[in-house]
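K.L.:
predicted coordinates and the sequence they were generated for:
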Amino acid sequence: MANLSDAVLAQQTLAGDQEAFEGLVRKYQASLFNFICHFLGDYDQACDVLQQVFLRFYISLPRLSTGEPFKPWLFQVARNCCVDELRRKKRGAVYFSQLEVENNEGEISGLNDMPDPGPLPEDLVEYHDLQHILYQGIQALPPKFRAVVLLRYISQMSFAEIGRTLSMPEATAKTYFHRAKTSLRKILGSQIQMLTAS
């Protein structure tokens, strides 16, 4: 299954082969989940959104063009679902994951832990602090900039692919990316100064 193209897997799925659809899910699951999780910053929400994306994919498959890879379409749907989740969150929806963070007094989830036995504990603390600052900086970006940054770094997409995924010209994707980098430099610069001063 892993060697088959999207078009072949889609045709087999439409012919009733469930294993073919599972092959499509396996092909895109990890990269989509990483993108969604980084976009939302919440593991549980990311799991829910990933299911929504694949449900929409399955329902939409008969209408999609099977001659092209599904990656841009899937990431566009994932981005739209993430933006919907952020809107819901702003309206005051409460998720179990938020309750868990409050109950555990803000303990960091397993996603942010990157075990490495090599560095000294002080290095790990500094690395973790910098990682947390970067994460907060990305979360502070407007959603349109955040999507471009995450697709570029997490999903390793070219600007042309980002443009197709987000339905914008490639030049706009580049502009958003450079504006996001400028914003991140400002956010990170002030945060790192505060960190080193303390």
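P.N.:
Thanks, I have it.
K.L.:
ok, how many other residues are close to Gly23?
P.N.:
When neighbours are counted by other Cβ atoms under 10 Å, Gly23 registers 19. Yep, even glycine has a C-beta here, placed from its N, CA and C like the rest.
K.L.:
that one: which element?
P.N.:
Element membership for Gly23, per DSSP states H and E: helix 18-40.
K.L.:
tell me what that helix is packed against?
P.N.:
helix 6-14, helix 43-60, helix 71-90, helix 143-153 (3 or more Cβ pairs under 8 Å, 6 or more residues apart in numbering; DSSP states H and E).
K.L.:
longest helix anywhere in the chain?
P.N.:
Taking DSSP state H as the assignment, the helix of the chain that covers the most residues is helix 170-197.
K.L.:
what mean pLDDT does that helix get?
P.N.:
For helix 170-197, mean pLDDT is 79.
K.L.:
and it, what does it pack against?
P.N.:
helix 121-140, helix 143-153, helix 159-165.
K.L.:
mean pLDDT for these: which is lowest?
P.N.:
Lowest mean pLDDT within the helices and strands packed on helix 170-197: helix 121-140, at a mean of 65.
K.L.:
residues contacting Glu170?
P.N.:
Listed by Cβ atoms under 8 Å, 6 or more residues apart in numbering, the contact partners of Glu170 are 159-160, 162-163.
K.L.:
distance of it from Arg79?
P.N.:
Look at Glu170 and Arg79: by Cβ to Cβ, to the nearest Å, they are 16 Å apart.
K.L.:
just to revisit the earlier point, would you mark the buried spots in the longest helix of the chain?
P.N.:
By neighbour count with 16 or more other Cβ atoms under 10 Å, helix 170-197 contains the buried residues 172-174, 176-177, 180, 183-184, 187-188, 191.
K.L.:
closest to Leu64 among these?
P.N.:
Ranked by distance to Leu64 (Cβ to Cβ), these are led by Ala173 at 22.4 Å.
K.L.:
quick check: the closest one touching Gly163?
P.N.:
Yes - counting by Cβ atoms under 8 Å, Ala173 does reach Gly163; the two are 4.6 Å apart.
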